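Visitor: sequence and predicted model, in that order:
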Amino acid sequence: MKTNAFFRLMLMLAMAITVTLAGCQKEEDPDPQPPSNTESLQQLSKDDNTIQAISDENMNDAMTVVSGGNLKSSNMMWPCNATIDSANVINDTIYYYITYNGLNCQETFYRTGQVLVKRPVGVAWHQQGATVIIQQINFTITRVATGESVTLNGSHLFTNVSGGHIWMLGYGLTALVHRVEGYMSAVFSDNTTSMWHIARQRTLTGTMGELVLSIDGFGEADGYDNLVTWGTNRSNEQFYAQINQTVVHTQVCNADPVSGIIFYDIPAGDKNATITFGYNSNNEPIGPGECPTRYRLDWTYNGSSGTFFLPLH
C-alpha cells in the first residue's frame, strides 16, 4: 500500500535527521566544532537514534506482516530483501519468521538475521489494543553511508493503542497511536556492547500529504519519567533519555523535527545534554510556515557547560 510505504519512508527520514551529532567541515559550517569532552554524549545520542530507528523499522515490518492476511495473496508492500515463513499456529499464537538478507527498501541499511513476530489468534491488528510480540534474533543492520553496524537481540511488545490503520486518518480516525516497549542487547561494529530499554509512543495525526508524527516517552526507572530509552552505553555507564517536550515531525517539512526536546543524562559521569529542535540557518527559532534546518545542543560536564548548533542533515 502507498500509505504503508510512506509511513516507512517518513520514519526512516525521521531516523536520518534526529540526533546525529557528527561535525561538519569548516567550509560548510562556520560554527565552532563541538568540544571533545562532549564526544561520549554525541556517541550516546547517535546510538540512541540508531536503536530507535531500527526498532521503528522492525515494528513497521511486523505491522505489515500481521496486517497482510494471506501471505501469498496479499498485495501489501512486504519488507525488501526478506523472506516470510508461512504463518504457524502454536496453541493460541500465530508465529511469523522474517529472515533478512539485503538492503531495506530505502537502500539505507543492509540487514541480516531474523525477526520473530507473534500475535494472538483471532485478534486483528486494526483492533483497539491489539498487540504483537517482536523478537530480534541476531538481527544485524549496517548503515550503508558509514559501514557501521549493530547486532541486536531482544524482545518488544507492540500495541495498537488507538486501533485502526494509517489510511484511516482523515476518514473517521483522528489519531493513530502505537506503543513499543521492551529491551535489547546491542553489539556494535567495534565490538563494544550496550543494553537498551525502550518505551516509545508514536502518534500520527492529520491527513495524507499533511501528516504529523509525534514521539513521546512513557518509561519510568530510577526516579526518571518520560523515558524513551535507558540502559548502559558503550562505556558501561548508566544513561537515561527523556522526551521532556514531544518531538514533532511534519510531512510538509520532509518529516524533519520542527519542535521538541530530548534530555540525555549520564549521572555517574556528571554529564548531560539537552537537544532542542526547530531552528533555522541563523540559529534562531523557526517562524510560522518555516521549516527547520538546524537544532540546538546544550551540554554540561563536570561543572562546565556550553551550547552549539548543528545542521539536521
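Guide: It's in. Numbering: from 1, shown residues only.

Visitor: what comes up buried for stretch 123-139?
Guide: 123, 125, 130-136, 139 (16 or more other C-beta atoms under 10 Å). (Glycine included, C-beta is placed from N, CA and C.)

Visitor: repeat that for stretch 82-89.
Guide: 82, 84, 87.

Visitor: how about the helices in the stretch 1-150 of the chain?
Guide: 2-17, 39-67 (DSSP state H, counting those that start in this stretch).

Visitor: still on that earlier bit, next, format the buried residues of stretch 82-89 as CSV and append pLDDT and distance to residue 95.
Guide: Formatted as CSV, these follow (pLDDT from 0 to 100; distance: C-beta to C-beta, whole Å):
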residue, pLDDT, distance to residue 95
82, 92, 16
84, 88, 11
87, 75, 7
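
Visitor: re the thing from before, closest to residue 60 out of the buried residues of stretch 123-139?
Guide: residue 134 (10.7 Å; C-beta to C-beta).

Visitor: show me what that closest one bridges to in the sheet.
Guide: residue 117, residue 156 (DSSP bridges).

Visitor: need the contact list for it.
Guide: Applying C-beta atoms under 8 Å, 6 or more residues apart in numbering, we find residue 134 in contact with 58-59, 62, 115-117, 155-158, 180, 182.

Visitor: what does residue 120 give?
Guide: Residues in contact with residue 120 (C-beta under 8 Å, 6+ apart) are 92-94, 131.

Visitor: closest to residue 39 out of the residues you listed?
Guide: Among these, and counting by C-beta to C-beta, the member closest to residue 39 is residue 131, at 39.1 Å.

Visitor: tell me how far that closest one lies from residue 63.
Guide: Shown here: residue 131 relative to residue 63, a distance of 12 Å by C-beta to C-beta, to the nearest Å.

Visitor: pull up the overlap in contacts between the two.
Guide: Counting by C-beta under 8 Å, 6+ apart, the contacts common to residue 131 and residue 63 are residue 158.

Visitor: which residues does residue 276 contact?
Guide: 260-261, 295-298.

Visitor: between the residues you listed, which is closest to residue 232?
Guide: Nearest to residue 232 among these, with distances taken as C-beta to C-beta, is residue 297, at 22.2 Å.

Visitor: for that closest one, list each beta-bridge partner.
Guide: residue 275, residue 308.

Visitor: I'd guessed it sits against residue 311; true?
Guide: No - Residue 297 is beyond contact range of residue 311, at 11.7 Å (criterion: C-beta atoms under 8 Å).

Visitor: more neighbours, these two?
Guide: residue 297 (22 against 17; other C-beta atoms under 10 Å).

Visitor: related to what we said a few turns ago, worst mean pLDDT among the helices of the stretch 1-150 of the chain?
Guide: Mean pLDDT is lowest for helix 2-17 out of the helices of the stretch 1-150 of the chain, coming in at a mean of 43.

Visitor: that older thread, among the contacts of residue 276, name the buried ones.
Guide: 260-261, 295-297.

Visitor: pick the one among those residues closest to residue 234.
Guide: Closest to residue 234 out of these is residue 297 (19.3 Å), distances taken as C-beta to C-beta.

Visitor: quick one: residue 108 and residue 146 touch, right?
Guide: No - counting by C-beta under 8 Å, residue 146 is not a contact partner of residue 108; they are 10.6 Å apart.

Visitor: which of these two has more neighbours?
Guide: residue 108 (17 against 9).

Visitor: for the more buried one, give its distance to residue 214.
Guide: Relative to residue 214, and taking C-beta to C-beta, residue 108 is found at 23 Å.

Visitor: would you mark the buried spots in stretch 184-191?
Guide: Buried, per 16+ other C-beta under 10 Å, within stretch 184-191: 184, 186-188.

Visitor: to clarify, my last question referred to stretch 242-255.
Guide: 242-243, 247-251, 253, 255.

Visitor: surely residue 198 and residue 229 touch.
Guide: Yes - using C-beta under 8 Å, residue 198 is in contact with residue 229, at 5.2 Å.

Visitor: how far off centre is the helix or strand encompassing residue 216?
Guide: Assigned by DSSP states H and E, residue 216 belongs to strand 212-217. Using C-alpha atoms, centre = their mean, to the nearest Å, the mean C-alpha position of strand 212-217 is found 10 Å from that of the whole chain.

Visitor: what angle do it and helix 39-67 make?
Guide: Inter-element angle recorded for strand 212-217 and helix 39-67: 120 degrees (by axes from the mean of the first three to the mean of the last three C-alpha atoms, to 10 degrees).
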